[in-house]
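> sequence first, then the predicted structure, then my questions.
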Amino acid sequence: MIHVYGVPGYGSTISELMLTLTGVRYNFINVDGFDKAGPNHDLLEKVNPLCQVPTLVLDDGEVMTETAAIALMLLDSHPEFAPAPGSPQRHRFLRLLVWMVANVYPTFTYADYPERWAAGAPAQLRESTARYRETLYRWLEEQVEGTPWMFGNDISLLDCYLPVMRRWSPREAWFAQHTPKLNAIADAVCGLPELQTVLRANQIL
């Protein structure tokens, strides 16, 4: 069984949704407080010296991190959760998957720990990254091709990002007002019966 090291409500939630959607069994290990000195930091550091969540330990003991990489790993055995290989939509899926973690994720890293990057102006860095993140979500809104999912009639693993990121800053009310298509996709993910348990465990519902 796969072991998922994470924290409820954190980025590990995205991987939990992907695993649950694809029907892959896993065991969740809560390492709340991993980013400070303590037993959970030590526990996570043993399997991933970079101390990141999510960290997955696979059946063979291999360590897997990065939600985009985890998505691509799952697609090897569950290809139905992405557009068909070689199609224009597949190219867009790959672009947006990498774009999400390369562009949106760093804004949370900087905003959550601004003192690491701008010790003299942490509030200013937090505010500037928040505004920049909003421009990114507005751009992503323009990339939505259809309903009810990002690429139309078929859900993809990319859709799993949206209910989690909507729960973070700038929060649900902002998405409802400024990015209604992204908000509708997040609602659709939250409405899937098979995801209710993990969504509640991660404080998304």
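Sure, I can see it. Residues are numbered from 1 along each chain as shown.

> report back the residue of this protein that's furthest from centre.
The C-alpha centroid of the chain is most remote from G120, which lies 29.9 Å away (CA atoms, centre = their mean).

> neighbouring contacts of the one helix or strand in the chain whose mean pLDDT sits lowest?
Sorting the helices and strands of the chain by mean pLDDT, DSSP states H and E puts helix 114-117 at the bottom, at a mean of 86. Here helix 114-117 makes contact (CB atoms under 8 Å, 6 or more residues apart in numbering) with 110, 121-123, 125-126, 129. All C-beta atoms are positioned from the backbone trio N, CA, C, and that covers glycine.

> so P85 touches P79, yeah?
Yes: assessed by CB atoms under 8 Å, P85 is found in contact with P79 at 7.5 Å.

> and the gap between the closest residue to F175 other than its chain neighbours and Q124?
Counting by CB to CB, 6 or more residues apart in numbering, F175 lies nearest to N183, which is 4.3 Å off, once chain neighbours are set aside. Counting by CB to CB, to the nearest Å, the gap from N183 to Q124 is 29 Å.

> one step back: separate out the buried members of the contacts of helix 114-117.
110, 122, 125-126, 129 (16 or more other CB atoms under 10 Å).

> of all those residues, which two lie farthest apart?
P122 and T129 (10.8 Å; CB to CB).

> which one of N183 and Q124 has more residues nearby?
N183 (20 against 11; other CB atoms under 10 Å).

> mind saving the C-alpha coords of the helix or strand containing the more buried one as CSV?
Using DSSP states H and E, the element containing N183 is helix 180-190. Output in CSV follows, covering the C-alpha atoms of helix 180-190 (Å, rounded to 0.1, in the frame of the first residue of the first chain):
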residue,chain,number,x,y,z
PRO,A,180,-16.8,31.4,-12.1
LYS,A,181,-15.7,28.5,-14.4
LEU,A,182,-12.9,27.5,-12.0
ASN,A,183,-15.4,27.8,-9.2
ALA,A,184,-17.9,25.5,-11.0
ILE,A,185,-15.2,22.9,-11.6
ALA,A,186,-14.3,22.9,-7.9
ASP,A,187,-18.0,22.5,-7.0
ALA,A,188,-18.2,19.6,-9.4
VAL,A,189,-15.2,17.8,-7.8
CYS,A,190,-16.7,18.5,-4.4
